[in-house]
Structures are given as C-alpha cells and as structure tokens.
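Colleague: Task: produce atomic coordinates for the following.
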Amino acid sequence: MKLKETGVLTKADLVNMGRYPSEERMKKGPVAVAECVQDIPCNPCETACPFKAIHIGENISNLPNIDVEKCNGCTTCVSACSGLAIFVLDKSYSDSVGKVSFPYEYNHSFKVNDIVKAADRGGRHVCDGKILKIANTQKADKTTVITLEVPVACVDEVRSIYRDRQQQLSKKEGLSEKLGDDVMVCRCEEITAGEIREAIRQGATDITGVKLRTRAGMGLCQGRTCEALVNQIIRQELGNSPEEIGFSTPRTPQRPVTFGTLGGGIDE
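Modeller: Next up, the predicted model:
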C-alpha cells in the first residue's frame, strides 16, 4: 500500500481494498467515496446520510461502506465527515469533463465560475478547475463543500484546491502584530508567540532556526497551521524578506506512519 510508503493515499490503494466506485457507476452519475482507511471510532457519515447508503454498524470503529446503488451523490456526508475524507465523484457530466465535490474548511473568497488550481491528495497542483457550486449551509456546521469541474481524466486525483505557500504568507501580512506572547502559534507542540520571539532573540533568523530551538512545525501537521505565522513573526522582529526566512523542509512521510512500516516489518 502506497499510503504506508509515502503517507499519501492513492486510488490504487482504495481499489485494492474494494473501497472505490467503478468506472461504470461514476459514469451513471455522482457517487460518494469514503477515503477512510483507518479504524477510528467515528460514524457521523452513517447517521447523516438521508438515503441510508452508508453503513458502519454497531462497532463505530468499522470502516464506512457505501452502497453505490442507494447513493445519489447529495454531498450531505461530505460535510458531515469529521476526517474530511469523503468526496463525491461524477464522470457523467460530459465526455471531456467531470465533477469532484470536496470539503474545504479554509477561509476563502472563491466565487462560482472562478478558475482555480486543483490539487491532489498530496496537495500538488494537478490541473485547472472551474467552481460550479459552493455550499455552506447551517446544517454543514461551517464545513464548505466545493464542487469543481475538471478534466474527466483528473476526477480520480483531484481532492482540493491548491494552496500556494508564498501566496498564503502574503494574505497573512501583518497578522503577527496582533499576537500577544501568550497566544498559541504551534498547536501541535504548544509553542506560543512569546517562545518564538525568544528563539529569535537567541539567534534564529529563519523557519529552520525557530524549528530547531522550539519544535514549532515538528508536530503532526508538520507546520501546515503555524508556518505562515512563524514567518510573519520573524519578519516583524527582524525585518527579513520572505526569501531570507524560507520555508521548512518537506520531509517524507507527509502523514504519520507506524514504526513497523518504517522498519520494513509487517503491521498486525
């Protein structure tokens, strides 16, 4: 399984597990796919489905099974999924383009008909896509569901909208000036803005320097939630340019894996 080698799930992994809709079904119309492959106690998708198309059972750690004949791709389960792991795929739209619906919990200013960069499961740019729908109902509890029109060949790979790291930094320009020393910046490692400023006073001049002194960016999210803020705090304290501060070094795996996998053993 590629997930264990790279930390990123693939279509082949899901097909081998029997957890991916067939080409024939996707060409009939929208259908949900649950890209959830870990035994986690969670069942909101089952209770949310109005068509009873998702079954987990009495043991809520079971993986969700989707009855593709009952599913009509309504996307209710997409916003209900706590792990943001359910998507709706549609290859019936036309011969050349298809649709992908996915959860999107970042702040955004997207509008219907916007052309955006579509991203794969690993966050890499795959293709351009057109926004067909943006759904953010009260029932969805602030989880926006975005539907993209993409080339039909990309439906199996597109799972979000690409987020450019430098662009995200520019959007947060000046935000660090509002942070008090007691504000938590790195939630994974519980590092405050004050601790980051102290690391800078000790000699840190870039992302790596702060990381080595505080562990900020070394938690489970690998800096996804805190790196931009750390960058801004360094710029505020030292006046360095984004190029001088740099980014943290991406490291494989991009998702947590077991020691057994790293050691080449067999997971029980």
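
Colleague: Residue ranges in the stretch 151-268 of the chain under the pLDDT threshold?
Modeller: Applying pLDDT under 70 to the stretch 151-268 of the chain flags the ranges 165-178, 242, 248-257, 262, 264-268.

Colleague: which residue ranges form the helices in it?
Modeller: Along the stretch 151-268 of the chain, the segments classed as helices by DSSP state H, counting those that start in this stretch run 165-171, 193-201, 207-214, 227-238, 242-245, 259-262.

Colleague: would you list every one of the strands in the stretch 51-200 of the chain?
Modeller: Under the criterion DSSP state E, counting those that start in this stretch, the stretch 51-200 of the chain contains strands at 54-55, 65-66, 86-90, 97-104, 115-119, 125-135, 144-151, 160-161, 184-186, 191-192.

Colleague: circling back to that earlier point, is it possible to get JSON lines of the helices of the stretch 151-268 of the chain that adds distance to Pro41 and mean neighbour count?
Modeller: Where you see a C-beta, it was placed from the backbone N, CA and C, and this is true even at glycine. Below are the helices of the stretch 151-268 of the chain laid out as JSON lines (distance: least, C-beta to C-beta, whole Å; neighbours: other C-beta atoms under 10 Å):
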{"stretch": "helix 165-171", "distance to Pro41": "33", "mean neighbour count": "13"}
{"stretch": "helix 193-201", "distance to Pro41": "34", "mean neighbour count": "19"}
{"stretch": "helix 207-214", "distance to Pro41": "33", "mean neighbour count": "20"}
{"stretch": "helix 227-238", "distance to Pro41": "31", "mean neighbour count": "22"}
{"stretch": "helix 242-245", "distance to Pro41": "41", "mean neighbour count": "14"}
{"stretch": "helix 259-262", "distance to Pro41": "22", "mean neighbour count": "12"}
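
Colleague: would you turn those into a markdown table with distance to Gly29?
Modeller: As requested, these are arranged in a markdown table below (distance: least, C-beta to C-beta, whole Å):
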| stretch | distance to Gly29 |
| --- | --- |
| helix 165-171 | 35 |
| helix 193-201 | 49 |
| helix 207-214 | 46 |
| helix 227-238 | 39 |
| helix 242-245 | 45 |
| helix 259-262 | 37 |
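
Colleague: who wins for proximity to Gly83 among the ones you listed?
Modeller: Gly83 lies closest to helix 259-262 among the helices of the stretch 151-268 of the chain, at 20.0 Å (C-beta to C-beta).

Colleague: now that closest one, how far from the centre of its chain.
Modeller: When C-alpha coordinates are averaged (C-alpha atoms, centre = their mean, to the nearest Å), helix 259-262 and its chain have centres 23 Å apart.

Colleague: on that earlier part again, where among the strands of the stretch 51-200 of the chain is average confidence lowest?
Modeller: Lowest mean pLDDT of those: strand 184-186, a mean of 90.

Colleague: Against which helices or strands is that one packed?
Modeller: Here strand 184-186 touches strand 191-192, helix 227-238, going by 3 or more C-beta pairs under 8 Å, 6 or more residues apart in numbering; DSSP states H and E.

Colleague: 10 Å instead?
Modeller: Here strand 184-186 touches strand 191-192, helix 193-201, helix 207-214, helix 227-238, going by 3 or more C-beta pairs under 10 Å, 6 or more residues apart in numbering; DSSP states H and E.

Colleague: partners of it, with directions?
Modeller: For strand 184-186, the paired strands and their directions (DSSP bridges) read strand 191-192 (antiparallel).

Colleague: gap between the strand it pairs with and the chain center?
Modeller: Its chain's C-alpha centre and that of strand 191-192 lie 23 Å apart, by C-alpha atoms, centre = their mean.

Colleague: and the gap between the residue lying closest to Lys130 once chain neighbours are set aside and Ser96?
Modeller: Nearest non-adjacent residue to Lys130, counting by C-beta to C-beta, 6 or more residues apart in numbering: Glu149, 4.4 Å away. Separation of Glu149 from Ser96 (C-beta to C-beta, to the nearest Å): 10 Å.
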